[in-house]
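Trainee: give me coordinates for this.
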Amino acid sequence: MIQNAAKENYFQLFPEELLASILDAFVINQPMIGEVGGDGFWVHQTPEYLFVVVFDCMGHGYGASMMTRIYTSALDHVVSELQLTDPSEILSAVHEHMKSQFHGKPKRAIGTGADMGILRISKMDRVLAFAGAKTNLLRVVDGHCEIIKADRLQLGELFDYPRTYTNHVMQLDESQAVNFYMASDGFVDMIGGPETKRFGRRQVMQLLEQIYEKPLLKQKQEISGTMQTWLGPNEPVDDLLIVGFRV
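Mentor: Below is the predicted model of the structure:
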């Protein structure tokens, strides 16, 4: 597992360079307030699998960044200690872990809920499995962007409400290089453009289709440039995290 507990900022625990040393990948991380926020990603390897997880905790700033540490700890416990490998089971177990921490306890100043997407990549046979709690997976093949939809139940809140999560299994063709992206809500919710409106899902998909053949570093530059142009003088309305990678 990639970890360096001496660092204070969550994104220093999992810097882009470490993710890029495992996958052809990029990370765009733009907290709404200061240098830290509630968006995070987590990477873990076993002999059989590589896990890439993106999550979006409620709130912003330092308080939300502390929740990213709590969710990181929950993932460590569920995947490293309990050794669960099924993405849907991991989501449910993370929710139960949060329930054990917060259900029935005094209300915190910051919310305990989070959206999360988990992609498991098999190192041997190019079989991928994805499950999401309000975080979709975007897949771009031959210039076509497809949404692998998450379930609409957030983790870490509404503890008395039963929930299950859906696994989506994908077999990749040996001859294809496929781009995958997971992002927090801040990407689609950017407010700007000529009519001061949301960037929206359709424009996200069109952008990814336009740049899919380019190297990942160039894609990062083009996405960042598009975001800057769209926002213009407007202030961000949410933390923003995008993780893109090619398998």
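
Trainee: pairing partners for the spatially most central residue of the chain in the sheet, please.
Mentor: The centre of the chain sits closest to residue 54, judged by CA atoms, centre = their mean, with a distance of 2.0 Å. Beta bridges link residue 54 to residue 41, residue 117 when assigned by DSSP bridges.

Trainee: against residue 68, how distant is residue 38?
Mentor: Distance, residue 38 to residue 68, using CB to CB, to the nearest Å: 6 Å. For the C-beta atoms, the positions are set from N, CA and C on the backbone; glycine is no exception.

Trainee: what touches both of those two?
Mentor: Residues touching both residue 38 and residue 68 (CB atoms under 8 Å, 6 or more residues apart in numbering) are residue 57.

Trainee: need the strands for the protein, in chain order.
Mentor: 24-30, 39-45, 49-57, 114-122, 127-133, 137-141, 144-148, 168-171, 179-183, 191-192, 197-198, 240-246 (DSSP state E).

Trainee: pipe those into CSV and attach mean pLDDT per row.
Mentor: Converted to CSV, the strands of the chain look like this (pLDDT from 0 to 100):
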stretch, mean pLDDT
strand 24-30, 93
strand 39-45, 92
strand 49-57, 95
strand 114-122, 97
strand 127-133, 97
strand 137-141, 97
strand 144-148, 97
strand 168-171, 96
strand 179-183, 97
strand 191-192, 95
strand 197-198, 95
strand 240-246, 95
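
Trainee: need these in TSV (columns: distance to residue 79).
Mentor: Formatted as TSV, the strands of the chain follow (distance: least, CB to CB, whole Å):
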stretch	distance to residue 79
strand 24-30	19
strand 39-45	6
strand 49-57	6
strand 114-122	9
strand 127-133	13
strand 137-141	18
strand 144-148	20
strand 168-171	18
strand 179-183	17
strand 191-192	36
strand 197-198	34
strand 240-246	17
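
Trainee: which one of the ones you listed lies closest to residue 108?
Mentor: Minimum separation from residue 108 across the strands of the chain (CB to CB) falls at strand 49-57, 11.6 Å.

Trainee: report all helices and strands that that closest one contacts.
Mentor: Packed against strand 49-57 by the contact rule (3 or more CB pairs under 8 Å, 6 or more residues apart in numbering; DSSP states H and E) you find strand 39-45, helix 61-75, strand 114-122, strand 179-183, strand 240-246.
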